[in-house]
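Colleague: model this:
(chains A and B)
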Amino acid sequence: MNSNRFANGALGVLAWGVALLIFFPILWLLLTSFKTEQQAFTVVPNFFFSPTLESFKMALAQGSGYWHYAWNSALTAVASTVIGLALAVPAAYAMAFYPNKRTDFLLVWMVSTKFIPAVGVLIPIYLVYSAVGLLDNALGLTLLFTAMNLPIIVWMVYSYFRDIPKDIVEAADIDGASIMQTLFKVVLPLALPGLASTGLLALILAWNESFWSITMTDHSAATLAVYIASFKSAEGLFWAKMSAASVLAIAPIIVLGWFTQRQMVRGLTFGAVK
Amino acid sequence: MAIVELKNVAKNYGSQLKGASSSNAVDDFNLVTRDGEFVVLVGPSGCGKSTTMRMIAGLERNTEGEILIGGRDVSQVPPKERDIAMVFQSYALYPHMSVAENMAFSLRLKKRPAEEIKQKIDEAAQTLGIQHLLERKPRELSGGQRQRVALGRAIVRDPQVFLMDEPLSNLDAKLRVDMRAEIVKLHKRLKVTTFYVTHDQVEAMTMGERIVVMKDGKIQQIDTPINLYEFPANRFVAGFIGNPSMNFLPARHVDGVVSGDGYRLSLDAAHRATMASRGGADVWAGIRPEHLRLSDAAATNRIEGTVDVVETLGAVTMVQLSVGEHAVSAQLPGHRKVQLGDTLTLTCDSDKLHLFDSESELAIARESTAAPSAAEA
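Modeller: Below you'll find the predicted structure:
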């Protein structure tokens, strides 16, 4: 009994320790964003200071272009998610309800493309984009995000579709529904919770993406990742302003995640625990 | 309502699916139904009965032969154009729709007027006693209620053919018996040609006007329940139809008598006539447990054994005996006291005896008393 309680206590302390460790950078970011540049630079960091909104003012100032970057982030994230779902649903439908002997291979192959480091395909994609004029272009970036997330979206939608008994699809078939009617009136309503969490995940992955955003855009299609990086300028590092910018960049997605966390957890574990 | 014809229908999954064998899942299936007939497909799991039904539905394509519904070859026609309705083992109700919406689904797709849809749903609901459930979702219903909704969804469509794939196997025993009777009543009223798949021979015997017994993708026999019971075409059908199942004893035929270690049974005149040409031959002697009764050692037909198992059911007592190295079960009157280890002598009438060829396992028919065919019955 006692040793059990001790073990539980120890585990609790450990869990809190790990959680704090993971959260610490975000806490530090948050604290730094409310400091002046001088305070941010002190070698012995101080946890107690009079907070200032100076950095946020700078970060949101007319010239900084926060809204321009935020708009690009939102546009590319939402567009790539919508296009990704639109492409993934038919693919997953075919694989889930009309599998053939190549289906398993196809699924694994699709996901295996995610094993390749992005840098590995940077040069060919850069050259192609440069040739067709998609560099620093919102459409180009959207297509990249779509391609990047598509394997995960297909895989997730496929697993939600697989949870729908095949009998129900066959019953709709016999009842006289076309494939489109079966999809829109039977399959999609049943898979809606799964589709929602898949969409949220794709949205978050696209919003947070920085590698392609920084390399493939300059200004006109640049996202918040580029905006954050821009504070590392030739004149030196501006810790406080960079922190404020980062807070502004991650805030929307954290708020979104906070409100949808129940949906997310349910969606992500739905297939696994069955 | 329609006549359904299956001509040389076969299904071979071939290379379509991983792990599928190259042999036919269903082979050379031939059947012509009467208009409005209730046909039961029965057999052990994997015998091809569900595959046959799915081919009639169009959920699987037949790789050989023709399927005709009302004279039209539907082999290449998608399910929705075959004018059939199907009841699934899992019920396959649409979980996000209410009972009424489930039943209305097919009619709405056909763009029938709302008035007509409502009227049809009300009729079906009344027939099935589910008027009070129309606004509920499937998850709020019991198994039996879901089953009724599944039936309702099928009957609102006035299809030419009903297909029912083990519709009762998810229900508990008592409900199953009730629903069995209700489906038969429903069929009597609607008179729609119905195919019913089951692995349960009791269900098959009680519901089917004609029964198709299948094994390993092949039809073993097609006949009325009583003919299957009295004139099984082969040893498999004899053992499958009837509960408890028939006893089989390997025996040697000599001069109108089949015998083995612990048993000696003389043949009736009609069996003698057919066996005469065969001379001394090895056969399987088949006797149903309900045709065995106690006797004394002097009887001409006798089976002697020691009692291994006694099951007292009240109305009857089931006894299992060791006869030589074979097991024989017998159904004795309930009041009869039998002890484990007793030695019993049983007898049966010669005209209740079945004979099967020891090699082909086909029934050895009685001369001149061939089974009346189902068409005449």
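
Colleague: Where does B:Gln320 sit: helix, strand or coil?
Modeller: The three-state assignment at B:Gln320 reads strand, by DSSP: H, G, I helix; E, B strand; the rest coil.

Colleague: leaving aside the residues next to it on the chain, what's closest to it?
Modeller: If the residues on either side of it in the chain are set aside, B:Gln320 comes closest to B:Val309, at 3.9 Å by CB to CB, 6 or more residues apart in numbering or on different chains. C-beta coordinates here come from the backbone N, C-alpha and C atoms, glycine included.

Colleague: The one you found sits in which helix or strand?
Modeller: Under the criterion of DSSP states H and E, B:Val309 resides in strand B:302-312.

Colleague: Touching that strand from outside, list them.
Modeller: B:249, B:262-265, B:287, B:292, B:295, B:297, B:317-324, B:327-328, B:334, B:338-348 (CB atoms under 8 Å, 6 or more residues apart in numbering or on different chains).

Colleague: List the buried residues of it.
Modeller: B:302-305, B:307, B:310 (16 or more other CB atoms under 10 Å in any protein chain shown).

Colleague: And the residue nearest to B:Gln320, what's its pLDDT?
Modeller: B:Val309 is assigned 93 on the pLDDT scale.

Colleague: so how many other residues sit close to residue 23?
Modeller: Because you didn't say which chain, this covers chain A. 11 (other CB atoms under 10 Å in any protein chain shown).

Colleague: nope, chain B
Modeller: The burial count for B:Ser23: 11, using other CB under 10 Å.

Colleague: How about A:Ala138?
Modeller: A:Ala138 has 18 neighbours, counted by other CB under 10 Å.

Colleague: That one touches A:Ala74, doesn't it?
Modeller: No: A:Ala138 is beyond contact range of A:Ala74, at 10.7 Å (criterion: CB atoms under 8 Å).

Colleague: So which bits of chain A are right by chain B?
Modeller: When proximity is defined by CB under 8 Å from any CB of the partner chain, chain A lies next to chain B at A:100-101, A:165, A:167-168, A:170-178, A:181, A:185-186, A:189-190.

Colleague: Domain map for the chain?
Modeller: In the absence of a named chain, chain A is used. Per automatic domain parsing, the domain ranges recorded for chain A read A:2-54, A:65-230.

Colleague: nope, chain B please
Modeller: Split by automatic domain parsing, chain B gives B:4-235, B:244-357.

Colleague: roughly how far is the lowest-mean-pLDDT helix or strand in chain B from the heart of the chain?
Modeller: The helix or strand of chain B with the poorest confidence is helix B:269-276; it has a mean of 88 (mean pLDDT, DSSP states H and E). On the basis of CA atoms, centre = their mean, to the nearest Å, helix B:269-276 sits 30 Å off its chain's mean C-alpha point.

Colleague: contact partners of it?
Modeller: Outside helix B:269-276, the residues that reach it (CB under 8 Å, 6+ apart) are B:253, B:256, B:267, B:281, B:350, B:353, B:355, B:364-369.

Colleague: how about the CA coordinates for it, as CSV?
Modeller: Taking C-alpha atoms only, helix B:269-276 is exported to CSV below (Å, rounded to 0.1, in the frame of the first residue of the first chain):
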residue,chain,number,x,y,z
ALA,B,269,-37.8,-55.4,-50.7
ALA,B,270,-37.2,-52.2,-52.6
HIS,B,271,-33.7,-51.8,-51.3
ARG,B,272,-33.0,-55.5,-51.9
ALA,B,273,-33.9,-55.0,-55.5
THR,B,274,-31.3,-52.2,-56.0
MET,B,275,-28.6,-53.9,-53.9
ALA,B,276,-29.1,-57.3,-55.8
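
Colleague: which parts of that helix are buried?
Modeller: B:270-272, B:275.

Colleague: do stretch B:289-299 as well
Modeller: B:289-292, B:295.

Colleague: remind me which residues of the chain are low pLDDT?
Modeller: I went with chain A, as the question did not name one. Within chain A, the segments meeting pLDDT under 70 span A:1-2, A:43, A:62, A:233-237, A:264, A:266-274.

Colleague: Chain B is the one I meant
Modeller: In chain B, residues with pLDDT under 70: B:1, B:15-22, B:368-377.

Colleague: how about stretch B:281-298 as CSV, C-alpha atoms only?
Modeller: Written as CSV, here are the backbone C-alpha positions of stretch B:281-298 (Å, rounded to 0.1, in the frame of the first residue of the first chain):
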residue,chain,number,x,y,z
ALA,B,281,-20.6,-54.3,-51.3
ASP,B,282,-19.4,-51.9,-48.7
VAL,B,283,-22.0,-49.3,-47.8
TRP,B,284,-22.9,-46.7,-45.2
ALA,B,285,-26.0,-47.6,-43.3
GLY,B,286,-27.8,-44.5,-42.1
ILE,B,287,-30.4,-44.5,-39.4
ARG,B,288,-32.0,-41.5,-37.8
PRO,B,289,-31.9,-41.4,-33.9
GLU,B,290,-35.7,-40.9,-33.8
HIS,B,291,-36.2,-44.1,-35.8
LEU,B,292,-34.4,-46.3,-33.2
ARG,B,293,-36.3,-48.0,-30.4
LEU,B,294,-35.6,-50.5,-27.7
SER,B,295,-36.0,-54.1,-28.5
ASP,B,296,-35.0,-57.6,-27.4
ALA,B,297,-32.1,-59.6,-28.6
ALA,B,298,-34.3,-61.7,-30.9
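
Colleague: Could you look over the domains of chain B and pick the most buried one?
Modeller: domain B:4-235 (a mean of 19; mean count of other CB atoms under 10 Å in any protein chain shown).

Colleague: Do a quick rundown of the helices in the stretch 151-274 of chain A.
Modeller: A:166-174, A:179-182, A:188-208, A:211-216, A:224-229, A:239-259, A:261-273 (DSSP state H, counting those that start in this stretch).

Colleague: Relative to B:Ala85, tell me which of the ones you listed wins on proximity.
Modeller: Minimum separation from B:Ala85 across the helices of the stretch 151-274 of chain A (CB to CB) falls at helix A:166-174, 6.8 Å.

Colleague: Contacts for the closest one next, please.
Modeller: Under CB under 8 Å, 6+ apart, the answer for helix A:166-174 is A:97, A:181-182, A:185-187, A:190, B:57-59, B:78-80, B:84-86, B:88-90, B:92-95, B:105, B:153.

Colleague: tell me the angle of that helix relative to helix A:188-208?
Modeller: For helix A:166-174 against helix A:188-208, the angle by axes from the mean of the first three to the mean of the last three CA atoms, to 10 degrees is 110 degrees.

Colleague: wait, what's in contact with the spatially closest residue to B:Arg153 that is not a sequence neighbour?
Modeller: Nearest residue to B:Arg153, sequence neighbours excluded (CB to CB, 6+ apart): B:Met103, at 5.0 Å. For B:Met103, the contacting residues are B:120-121, B:124-125, B:149, B:152-153, B:156, by CB under 8 Å, 6+ apart.

Colleague: Then B:Ala124?
Modeller: Residues near B:Ala124 by CB under 8 Å, 6+ apart: B:103, B:152, B:155-156.

Colleague: Please flag which of these sit within helices.
Modeller: B:103, B:152, B:155 (DSSP state H).

Colleague: now, among the residues you listed, which is nearest to chain A?
Modeller: Checking the ones in helices among the contacts of B:Ala124 against chain A with CB to the nearest CB, the nearest one is B:Met103 at 10.1 Å.

Colleague: Chain A contacts on chain B?
Modeller: So chain B meets chain A at B:15-18, B:57-59, B:78-80, B:84-86, B:88-90, B:92-96, B:105-106, B:109-110, B:153, B:157 (CB under 8 Å from any CB).

Colleague: Which residues are in contact with the nearest residue to A:Asn46 once chain neighbours are set aside?
Modeller: Spatial nearest neighbour of A:Asn46, chain neighbours left out: A:Gln39 (7.0 Å); criterion: CB to CB, 6+ apart. Counting by CB under 8 Å, 6+ apart, A:Gln39 makes contact with A:46, A:49, A:240.
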